[in-house]
Each structure stands twice: as C-alpha cells, then as structure tokens.
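A.B. asks: Mind folding the following:
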Amino acid sequence: MPSNKTIAILNRQQTFADFSQLTKFRLSISVVISSLAGYFLAVQQVDYVTLLLLIVGGYAMVGASNAFNQVFEKDLDNLMLRTKNRPLPAGRMHPTSALFLGVILTVIGVAALYVINLKTAFFASISIFLYACVYTPLKQKTPLAVFVGAFPGAIPFMLGWVAATNEFGIEPGVLFMLQFFWQFPHFWAIGWLMHDQYEAAGFKMLPSGGRDQNTAFQIVFYTLWTVVISLIPAFQYTGALYLTKTASVLVFLLGAVFLYYAIKLMVAKTDHAARLLIRASIVYITGIQLIYVIDKFLLQ
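C.D. replies: Okay, the predicted model is just below:
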C-alpha cells in the first residue's frame, strides 16, 4: 500500500492538474504571451513591475473566464469525450469550489490590472463578462456565439499595448482586429474537427451548422482578411505600429502558408485538413507576434 506521504504527493499533483484543467493552463499562458507581445510593441523601456502585473492579472482573468465557463457547462462537458475528464464532470471538484475559485481569480486579475491602469482593468473585465455571460450561453443557441467569443479572444493582444500606454488608439485597434479575424478560421477548424462531439452537446459552432462548402468558404474568407489586416502596418498609416520591408515580406509569407491550409480544407473537406489548419493557425498567430516584436527591436 502507498504511504501517507505518497498519497499526499499524489493528491497535490491531482489538485494542481485539476487547477490547470479548470483554468486551461496552456490556453491561458498563450493569452498571456499575446498580451506581453502587445506590451513589448508599445514600450521603449520595459517596466518589470507592470510586466509582472500583466502576467498575473492576465492569467487570473483568463483562468477565471475558463472556470466560470466550465461551471456553467459541467453537464454538457460530460457529453463530450474531449471534456468529460475535466474536474467538474469527472466529479473531482465541486461546482461551488470552482465558482469560488473563479471569483477569487477575477478579484486578483482586476486588482492587478487596475494597478497598471484603469483602461487595462476595464477591457479585461469586459473580456471576462463577454466570455462567461454571453459567449457561453450562446453556444447552444446560435453559431453567432463564435462572433461574440471573438471579442474577448481579441482583447489580450491589444491589452498589452493599453497596459503600456494607457491609451486606446489605432495601434491597439489594429492588434485587436488581427486577433479578432484570426479566431474565425482557427475556431471553425476546431469546430470542423470536433463537429460530432459539439453536436452531441448541442453546441452550434460552425457558421452553416455543418461541415459543408459554406463553412469552408467562410474559413477561407476570414483567413484572407486576417492576412490583409496583418499587413496594414507595412503601409505605415498605423501610428507607432509599423513594419519594415523585411518584416512585411515575412508576414506575407506566413499569411500565404495560413491561407494555403485554409484553401486546402475548402478543397478536401476532411478532418485531416482541419487538423493541419488548426496547427497552421497557431503557428501563424505565434509567428506574427514574434515577427512584429523582433521587427521593432532589431530591424527598425
């Protein structure tokens, strides 16, 4: 039999794993990285206190959104293979505990971001409200839920800029639009791949309701708009946010690859093509943020 010490260690590991699942650790970290990219694009000199507050506040706010989402959808999560082992549907965590944790994370997040400035806390609060209180219930009613969910999903990239400058102008507006349009091909590709599971839970994630030509065309359409928006800073009409020629070429090439996989899905209409597009979309948004930041500090 395992010793009491071994049991205690296993319990701590399970608690940490449940916290990670409840707050969607990898997703939350990717959102924090997006916010940091926006911050670095705006600053001339890094303030490490602000940076720490942005990391803590950003993770707490995203973690809270995910916690509330899983509380509201605990019964539906039990219907899908990909989510039935989450802490709530699996019975490892009580909904009241998850709700309490969500509230605590919200308070921590708002407080940390408010110390940076009021605008940062305001936009983050709007994000959590839209995700938990509007996007989550809409998922069972209309595919427009993806449109609503794209708003909180687009806030982090611009949030870093607002945290650095305490201003919302054309620069964070472009960052917002880029991540806003990117989410449609990304989440529709996920919706395509997971269509049967989403359908079993009653979620309406695809714009046409099915894996058809209409959905595939819209994926390509929004991918094209994402690529176009990513190149706007190349024309230097976006204030302090602009790209050099070298960076513009790299952004264009990255966009061409992203668009290629979107078109490939429209032609093939297979799960394999959807899976490739999901990977391409992640590489694309990560690469775009990296190119933007490197261009500012090394090429300009």
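A.B. asks: Tell me the buried residues in stretch 195-212?
C.D. replies: Using 16 or more other Cβ atoms under 10 Å as the test for burial, stretch 195-212 gives 195, 197, 198, 199, 201, 203, 204, 205, 206, 207, 211. Using the backbone N, CA and C atoms, a C-beta is placed for each residue, glycine as well.
A.B. asks: Quick check: which element contains the second one?
C.D. replies: For residue 197, the host element (DSSP states H and E) is helix 195-201.
A.B. asks: following that helix, which helix or strand comes up?
C.D. replies: Following helix 195-201 in sequence order, the next helix or strand is helix 213-230 (DSSP H and E).
A.B. asks: Same question for that following helix: list its buried residues.
C.D. replies: Using 16+ other Cβ under 10 Å as the test for burial, helix 213-230 gives 215-216, 218-220, 222-227, 229-230.
A.B. asks: before we move on, what about stretch 128-140?
C.D. replies: Buried positions in stretch 128-140, judged by neighbour count with 16+ other Cβ under 10 Å: 128, 130, 131, 132, 135, 136, 138, 139.
A.B. asks: go on, stretch 181-189?
C.D. replies: Buried residues in stretch 181-189, counted by 16+ other Cβ under 10 Å: 181, 182, 183, 184, 185, 186, 187, 188, 189.
A.B. asks: mind listing which of those are in strands?
C.D. replies: If you go by DSSP state E, the buried residues of stretch 181-189 have nothing in strands.
A.B. asks: So what's the gap between the helix holding residue 197 and the chain middle?
C.D. replies: In terms of Cα atoms, centre = their mean, to the nearest Å, the centre of helix 195-201 is set 21 Å apart from its chain centre.
A.B. asks: and for that helix, what are the contacting residues?
C.D. replies: When contacts are defined by Cβ atoms under 8 Å, 6 or more residues apart in numbering, helix 195-201 is touched by residues 76, 77, 79, 80, 81, 82, 191, 204, 205, 206, 210, 211.
A.B. asks: From residue 121, how far off is the residue lying closest to the fifth one once chain neighbours are set aside?
C.D. replies: Distances taken as Cβ to Cβ, 6 or more residues apart in numbering place residue 197 nearest to residue 81, at 6.1 Å, with adjacent residues excluded. Relative to residue 121, residue 197 is positioned 36 Å away (criterion: Cβ to Cβ, to the nearest Å).
A.B. asks: now do the same end-to-end measure for stretch 161-181.
C.D. replies: In stretch 161-181, first residue to last residue: 18 Å (Cα to Cα, to the nearest Å).
A.B. asks: Give me the buried positions along that stretch.
C.D. replies: 161-165, 168, 171-172, 174-181.
A.B. asks: And for stretch 59-79?
C.D. replies: Neighbour counts over stretch 59-79 (16+ other Cβ under 10 Å) mark 59-74, 76-79 as buried.
A.B. asks: what about dumping the CA coordinates of that stretch to CSV?
C.D. replies: Extracted C-alpha coordinates of stretch 59-79, given in CSV (Å, rounded to 0.1, in the frame of the first residue of the first chain):
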residue,chain,number,x,y,z
TYR,A,59,-3.6,34.7,-16.3
ALA,A,60,-6.1,35.3,-13.5
MET,A,61,-8.6,36.9,-15.8
VAL,A,62,-8.4,34.1,-18.4
GLY,A,63,-8.4,31.5,-15.8
ALA,A,64,-11.5,33.0,-14.2
SER,A,65,-13.3,33.0,-17.6
ASN,A,66,-12.5,29.4,-18.1
ALA,A,67,-13.5,28.4,-14.6
PHE,A,68,-16.9,30.1,-15.0
ASN,A,69,-17.3,28.5,-18.4
GLN,A,70,-16.7,25.1,-17.0
VAL,A,71,-19.1,25.6,-14.1
PHE,A,72,-21.9,26.6,-16.5
GLU,A,73,-21.2,23.8,-18.9
LYS,A,74,-20.3,21.0,-16.5
ASP,A,75,-23.2,18.8,-17.6
LEU,A,76,-22.5,19.4,-21.3
ASP,A,77,-18.8,18.7,-20.8
ASN,A,78,-19.8,15.2,-19.6
LEU,A,79,-21.3,14.5,-23.1
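A.B. asks: Having no further points to raise, I will conclude here.
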